[in-house]
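In: need a 3D model of the sequence below.
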Amino acid sequence: MEKFSSFRDPGTGIQPFLAPVPPQERDLFITILIPIKAVVAVTRTAVIIVLISIHFVLVHVIGFICRPVPPLQDVISWLGTALLARLALYVIGFWSMPTELIARKRGKIPENKWNPRAGDLIVSNWSSWIEVLWLAYQYNPLFVLPVANTPTASSARDASSISYTPGRKTGTGSAAVSSFDRVLSSPEVIRGFRQVSLLEIISSTGNTPSAPSSVPLRSLDDIRRSARSPVVVFPECTTSNGRGLLRFADVFNGASVPTKGYNLFLMCVRYDPPTSSQPSLSHSVPGTTLNPLPHMFQICTSLSPQSISIRQLPLSESPSSQLFMVNEVVPEPRSDVLAEVCAVLIARMGKMKRVGLGWEDKYAFLDFYRGRRR
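Out: All right, here's what the predicted structure looks like:
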């Protein structure tokens with residue numbers, strides 16, 4: 001949409017925030033199926049709500065009662081998280097979710113599957129709540145969300161001005177229908193992290209980092225050291241529509257490369273573009289109420305199996321390998337070397353283009369988007 005063109009990345013021309021729109025096709029068969037799809041969606045959504053209720057009772061009620069016995073609490077957490085997350089994905093339409101190990105060096109045979117342990121980090125791009133459910137099912141990890149100051153106009157004034165002209169540069173001016181000048185938001189400092197439940201991170205999908213409150217913040221390393229399971233980190237700090245990789249925030253400040261004392265696992269998630277019969281699986285624009293239930297209902301209308309592409313980097317080629325060479329990946333690293341290395345490797349795995357926009361620009365986009373819809 002032209003009115004959102006100021007949120008297009010100047011280097012690639014990618015608009016990473018708007019939800020992908022399927023092509024407009026008039027299909028009589030799809031129109032006839034609308035009542036059936038509505039019934040299927042209502043049934044699926046009702047089942048998912050039941051699964052959410054069971055998860056809440058098992059993890060947050062029975063699990064809380066069993067806190068004095070950590071092994072028992074871990075078993076209940078696995079039953080209420082990993083098992084129910086897989087059932088929810090099956091109900092939505094993800095009957096099969098294969099993964100693919102991607103070796104950086106050609107000709108090298110990938111090693112065995114991942115095996116993250118307590119205190120290890122799993123780093124991924126973020127496009128939807130679907131990969132959150134997949135991670136919960138596979139590894140029953142601990143999820144964290146970053147906390148940062150709300151972006152202000154002053155932070156934008158310190159950034160450099162950028163410009164972009166849509167259309168082909170024909171020399172006649174006919175393709176340059178319109179242009180804009182916009183200031184790219186400068187990165188905000190991540191103040192700390194807060195540990196969140198599965199339900200909380202799912203409901204936070206699409207939103208930007210919250211502002212500091214009275215709740216004490218912890219560093220990522222502090223959370224990792226005390227965790228009884230792997231820790232999942234989304235350095236983009238918000239979701240994109242999957243068309244490009246957002247600028248990674250400095251979430252690993254002070255971490256050395258190669259990492260010491262823990263393993264770091266990298267993965268990339270991609271979704272197919274939407275079609276007339278298949279809605280978009282990415283969730284870049286959060287709902288204002290019961291997020292992401294409306295998006296979930298929309299996905300549940302699909303009568304065909306869902307698909308997802310999950311690519312993982314072998315542990316021997318990750319930044320936690322003691323043979324890892326930073327200069328082979330990032331010739332000129334920035335302040336947070338580990339964040340830059342992870343961004344480069346994830347982009348290569350998923351064959352994604354990196355954009356210069358970050359979560360600070362997503363904050364401005366949501367403010368503009370919601371303002372126009374009032």
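
In: buried stuff in stretch 207-225?
Out: By 16 or more other C-beta atoms under 10 Å, the buried positions in stretch 207-225 come out as Asn207, Thr208, Pro209, Arg218, Leu220, Asp221, Ile223, Arg224. Using the backbone N, CA and C atoms, a C-beta is placed for each residue, glycine as well.

In: and if you look at stretch 294-307?
Out: His295, Met296, Phe297, Gln298, Ile299, Cys300, Thr301, Ser302, Gln306, Ser307.

In: can I get the buried residues of stretch 207-225 in a markdown table with pLDDT?
Out: Converted to a markdown table, the buried residues of stretch 207-225 look like this (pLDDT from 0 to 100):
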| residue | pLDDT |
| --- | --- |
| Asn207 | 95 |
| Thr208 | 95 |
| Pro209 | 94 |
| Arg218 | 92 |
| Leu220 | 95 |
| Asp221 | 93 |
| Ile223 | 96 |
| Arg224 | 95 |
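
In: report the two of those separated the most.
Out: Farthest pair in those (C-beta to C-beta) is Asn207 and Asp221. Separation: 24.4 Å.

In: show me the strands in the stretch 201-350 of the chain, by range?
Out: 231-233, 264-270, 309-312 (DSSP state E, counting those that start in this stretch).

In: which ones are touching Val233?
Out: Leu121, Ile122, Val123, Ser124, Val144, Leu220, Val251 (C-beta atoms under 8 Å, 6 or more residues apart in numbering).

In: what about the closest residue to Arg247 other than its chain neighbours, distance to Pro216?
Out: Spatial nearest neighbour of Arg247, excluding adjacent residues (C-beta to C-beta, 6 or more residues apart in numbering): Gly358 at 3.7 Å. From Gly358 over to Pro216 the distance is 26 Å, taken as C-beta to C-beta, to the nearest Å.

In: which stretches of the stretch 51-200 of the chain aren't confidently modelled?
Out: 106-112, 153-184 (pLDDT under 70).

In: thinking again about what came up before, which of the contacts of Val233 lies closest to Gln138?
Out: Gln138 has its nearest neighbour among those in Ile122, at 9.3 Å by C-beta to C-beta.

In: any idea how far that closest one lies from Gly350?
Out: Using C-beta to C-beta, Ile122 is found at 15 Å from Gly350.

In: repeat for Tyr262
Out: 24 Å.

In: before we move on, back to that, of the strands of the stretch 201-350 of the chain, which approaches Ser5 most closely?
Out: For those, the distance to Ser5 is smallest for strand 264-270, at 24.5 Å, taking C-beta to C-beta.

In: tell me the strands beside that closest one, with direction?
Out: Counting by DSSP bridges, the strands paired with strand 264-270 are strand 121-124 (parallel), strand 309-312 (antiparallel).

In: hmm, back to that, redo the strands of the stretch 201-350 of the chain as TSV? Include distance to Val91 and mean pLDDT.
Out: Below are these laid out as TSV (distance: least, C-beta to C-beta, whole Å; pLDDT from 0 to 100):
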stretch	distance to Val91	mean pLDDT
strand 231-233	23	97
strand 264-270	20	96
strand 309-312	19	95
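
In: turn these into CSV, columns for distance to Leu133.
Out: Compiled in CSV, those are given as follows (distance: least, C-beta to C-beta, whole Å):
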stretch, distance to Leu133
strand 231-233, 12
strand 264-270, 11
strand 309-312, 12
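
In: ok, now which ones touch Arg354?
Out: Gly244, Leu245, Arg247, Ala343, Val344, Ala347 are the contacts of Arg354 under C-beta under 8 Å, 6+ apart.

In: any idea what it is bridged to?
Out: Beta-bridge partners of Arg354, as defined by DSSP bridges: Leu245.

In: so the residue nearest to the spatial centre of the chain versus Pro71, what's the distance?
Out: Closest to where the C-alpha atoms of the chain average out (C-alpha atoms, centre = their mean) is Trp126, at 1.1 Å. Trp126 is 32 Å from Pro71, where distance means C-beta to C-beta.

In: show me the helices in the stretch 101-250 of the chain, by range?
Out: 130-139, 153-157, 198-203, 220-226 (DSSP state H, counting those that start in this stretch).

In: helices or strands next to the first one in the packing?
Out: Judged by 3 or more C-beta pairs under 8 Å, 6 or more residues apart in numbering; DSSP states H and E, the packing partners of helix 130-139 are helix 84-92, strand 121-124, helix 198-203, strand 231-233, strand 264-270.

In: which one, of the ones you listed, ends up nearest to Trp134?
Out: helix 84-92 (6.7 Å).

In: now that closest one against helix 130-139, angle please.
Out: Angle of helix 84-92 versus helix 130-139, following axes from the mean of the first three to the mean of the last three C-alpha atoms, to 10 degrees, is 130 degrees.

In: Leu315 and Leu266 touch, don't they?
Out: No. Counting by C-beta atoms under 8 Å, Leu315 stays clear of Leu266, with 9.3 Å between them.

In: across the sheet, point out what pairs with Met267.
Out: Met267 has these beta-bridge partners by DSSP bridges: Ser124, Gln312.

In: how about the contacts made by it?
Out: By C-beta under 8 Å, 6+ apart, the neighbours of Met267 are Ile122, Val123, Ser124, Ile310, Arg311, Gln312, Leu313, Ile346, Met349.

In: just Pro16 next, same as before
Out: By C-beta under 8 Å, 6+ apart, Pro16 lies in contact with Asp9, Ser240, Asn241, Arg243, Gly244, Leu246, Ser284, Val355, Leu357.
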